[in-house]
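K.L.:
give me coordinates for this.
(chains A, B, C and D)
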Number of protein chains: 2
Amino acid sequence: MVTTARGSGRHRHGHVTINDVARAAGVAPSTVSYALSGKRSVSEEVRRRIQETIAELGYEPHAGARALASRRSQIIGLVMPLRRGVHVPILMEFAAAIVTEARSHDHDVLLLTGEVDGDGLRRVANGSLADAVILMDVEEDDPRIPTVRGLGRPAVLIGLPDEPDDLVCTDLDWEAAGRIGVEHLAALGHRQVGLVGQPPQVYERHTGFAERFLRGLLGAGAALDVEVATQPCEASFGDLRRALDGLRSALPDLTAVVVHNEAVLPLLREELTSRGISVPEDLSVLSVEPDSMARQVPLSAVTIPVDEIGRTAVRLVMHQLEGHEVEAATSLPPRLVEHGSTGAVRHR
Amino acid sequence: MVTTARGSGRHRHGHVTINDVARAAGVAPSTVSYALSGKRSVSEEVRRRIQETIAELGYEPHAGARALASRRSQIIGLVMPLRRGVHVPILMEFAAAIVTEARSHDHDVLLLTGEVDGDGLRRVANGSLADAVILMDVEEDDPRIPTVRGLGRPAVLIGLPDEPDDLVCTDLDWEAAGRIGVEHLAALGHRQVGLVGQPPQVYERHTGFAERFLRGLLGAGAALDVEVATQPCEASFGDLRRALDGLRSALPDLTAVVVHNEAVLPLLREELTSRGISVPEDLSVLSVEPDSMARQVPLSAVTIPVDEIGRTAVRLVMHQLEGHEVEAATSLPPRLVEHGSTGAVRHR
DNA sequence: CTGAAAGCGCTTACAG
DNA sequence: CTGAAAGCGCTTACAG
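P.N.:
Sure, this is the predicted structure:
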């Protein structure tokens, strides 16, 4: 660690700049810049000297200066509203995947919570704070969408609004998720399937994924002659009981439930046990949950590839920043993993 | 919205700059800057004209240029490791509070997850990407601390390491939290109190808050002649049962439990009911939880002022950025709210 | 109360 | 393969 006087007294205690590095390495600042960016070739020896000097001085390029000169902040804005009923751990899993993937492309992530309208979006985009934005928890008629359209910067929605047009979106193919769930159960002989759904606020807001999952479920039910009833559900025993009772009264021969509610899953087994219901003998249970969770919970599941969706969103941002055209909608296929909580219907 | 040609053909389709605003308003760029920052007085009329022009052109100052000239990025780095066993919703509640408070000081928040060492910290600080950093989930001997010390920028820890010295820290006074919990129960006549604690990994990492809460509990127990036994606990029925059984066998006359585990709380009532234990008649239950949760869950609780801690962290950052000295440790006092789940010991 | 100008620390044509 | 210089869009002394 060399911190001795560096000649010029100009930087009394300020930052180490590219000029400091250049002087110490005996090259021009532009050469340091090119050595760093790789945008033009630099002789092996010079490159090495520059690298060493950088390490010695602890040089880190000034983000603002770089952003100003290159017209790139290397920052992605992540718009993450914290609405009632959303399952926060999944949101965080998305965020972590996005940060990780962004870092692997040498980008950072600015966290914007509490964005219902587009003000923060505009501020961050017009002020060149972020090069692009990713929006989470997209509703079918999302109030942020008009702003996104006029942003003049790449944007990726995690979710799928009603009229996506040319907006770049990525998400699990939720309709397919609903469909394969019903197909799986239908193949096992189930004719009445109940859905323990998301908290009611999620449907009231017409959050895209919840609605689409429902459509997939109902569509496949109609096609395969499976009756489907649904109950929204909060994360409490009381509500779980109400939901299960509601399903039972709607479907007297209920033999399977699909649980699309991550917060309720830890309560489910207990509730069924206390009702004397054996899984899968008396009731088949199919959950919908992040693949990371599915590895731990011993339930058959339609899995949500959270990490993959988050990473895809970042990759779609990167492609656009590199000037490429990208497809408007990138749907990821659902997977079904069997952990023995679904079984064939027994004849009565 | 005026978007007609603006004279000079220099900015073909680029950003609206301060020069565009100045030209359109008929003033010097510096006057626009001062009108925006308020750092020198601007005549009422000129200010109004500038405001209007800014609104008309949709001008937003370029964040990088501003950062370069002012030596302030107006960004706070939030280092939020996502370790095993942490309760993600609480982490997110901290983050939301921090973002909200930061925005009210005209700052944004950069999200740094997966920071075990100090690399990202150094990158962000040395590159002037962030003016200051806030660290969450601080361990008693946190590996990030040496880096923080050498950062040359304001830093605030949420939590309290073993040797804080002059590091700026803020947190709930966890020892006091443990103490008032025991005091409350002791006053009700309890002589054997069990703790259902955090997941084992949290203690294994020596996370500050968990250890300090334990110390407060044990210290008050010793002082008040209350026996205290403890069991770490994962977020599952199985583990909750194991923990409760463990406490019962350690303390045959157990009359009260303290639950310092947010993920287990939803499971607790159910488990006690199925054991035929009435609260508070057979067992007093005192939880430790965010004040935002405590409003919903009907348990007596020692509350964690999550929002206040997050906001305090930001305020401590701001004070330092303004050049003020701040106290090294800012402890927030615990509160105890009674919701009827704790009661006097019945004589047997 | 206001303006002209230097400078913040980079990147990137332009030259060689 | 390398350098000198212009310029990115602001802020802030310096002048008046």
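K.L.:
every contact and neighbour count from this point should use C-alpha atoms.
P.N.:
Fine.
K.L.:
ok, now how distant is the residue of the stretch 201-348 of chain A found nearest DNA strand D from chain B?
P.N.:
Taking Cα to the nearest atom of the strand, DNA strand D has its nearest neighbour within the stretch 201-348 of chain A at residue A:321, 17.5 Å off. Distance of residue A:321 to chain B, computed by Cα to the nearest Cα, to the nearest Å: 16 Å.
K.L.:
residue A:192 now?
P.N.:
29 Å.
K.L.:
how about the contacts made by that residue?
P.N.:
Residue A:192 makes contact with A:226-229, A:251, A:253-256 under the criterion Cα atoms under 8 Å, 6 or more residues apart in numbering or on different chains.
K.L.:
near DNA strand C, which residues of chain A show up?
P.N.:
Counting by Cα under 7 Å from any atom of the strand, the residues of chain A close to DNA strand C are A:14-19, A:29-34, A:36-37, A:39, A:59-62, A:65-70.
K.L.:
filter these down to the ones close to DNA strand D.
P.N.:
A:29-31, A:65, A:68-69.
K.L.:
now, these that are in helices?
P.N.:
Residues from these lying in helices, with DSSP state H as the criterion: A:29-31, A:65, A:68-69.
K.L.:
what is the nearest of those residues to DNA strand D?
P.N.:
Nearest member of those to DNA strand D, counting by Cα to the nearest atom of the strand, is residue A:69, at 3.3 Å.
K.L.:
tell me how many other residues crowd the closest one.
P.N.:
11 (other Cα atoms under 10 Å in any protein chain shown).
K.L.:
likewise the one 3 residues further on?
P.N.:
Neighbouring residues of residue A:72 were enumerated by other Cα under 10 Å; the total is 18.
K.L.:
repeat that for residue A:316.
P.N.:
Using other Cα under 10 Å, residue A:316 has 25 neighbouring residues.
K.L.:
now the lowest-mean-pLDDT helix or strand in chain A, how far from the centre of its chain.
P.N.:
Lowest mean confidence among the helices and strands of chain A (mean pLDDT, DSSP states H and E): helix A:291-294, at a mean of 85. Averaging C-alpha positions (Cα atoms, centre = their mean, to the nearest Å) puts helix A:291-294 14 Å from its chain's average.
K.L.:
helices and strands around the helix or strand following it, which ones?
P.N.:
Going down the chain from helix A:291-294, the next helix or strand is strand A:300-304, by DSSP states H and E. Contacts defined by 3 or more Cα pairs under 8 Å, 6 or more residues apart in numbering or on different chains; DSSP states H and E place strand A:300-304 against helix A:174-187, strand A:284-290, helix A:291-294, strand A:335-337.
K.L.:
mind listing the strands in chain A by residue range?
P.N.:
Under the criterion DSSP state E, strands of chain A are mapped to A:75-80, A:108-113, A:132-135, A:155-158, A:168-172, A:192-196, A:227-231, A:256-259, A:284-290, A:300-304, A:329-332, A:335-337.
K.L.:
kindly reformat those strands as JSON lines and extend each row with mean pLDDT and distance to residue A:123.
P.N.:
Compiled in JSON lines, the strands of chain A are given as follows (pLDDT from 0 to 100; distance: least, Cα to Cα, whole Å):
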{"stretch": "strand A:75-80", "mean pLDDT": "97", "distance to residue A:123": "11"}
{"stretch": "strand A:108-113", "mean pLDDT": "96", "distance to residue A:123": "11"}
{"stretch": "strand A:132-135", "mean pLDDT": "97", "distance to residue A:123": "12"}
{"stretch": "strand A:155-158", "mean pLDDT": "97", "distance to residue A:123": "14"}
{"stretch": "strand A:168-172", "mean pLDDT": "97", "distance to residue A:123": "21"}
{"stretch": "strand A:192-196", "mean pLDDT": "97", "distance to residue A:123": "40"}
{"stretch": "strand A:227-231", "mean pLDDT": "97", "distance to residue A:123": "40"}
{"stretch": "strand A:256-259", "mean pLDDT": "98", "distance to residue A:123": "39"}
{"stretch": "strand A:284-290", "mean pLDDT": "96", "distance to residue A:123": "33"}
{"stretch": "strand A:300-304", "mean pLDDT": "96", "distance to residue A:123": "32"}
{"stretch": "strand A:329-332", "mean pLDDT": "95", "distance to residue A:123": "26"}
{"stretch": "strand A:335-337", "mean pLDDT": "95", "distance to residue A:123": "39"}
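K.L.:
with that, I have no additional questions.
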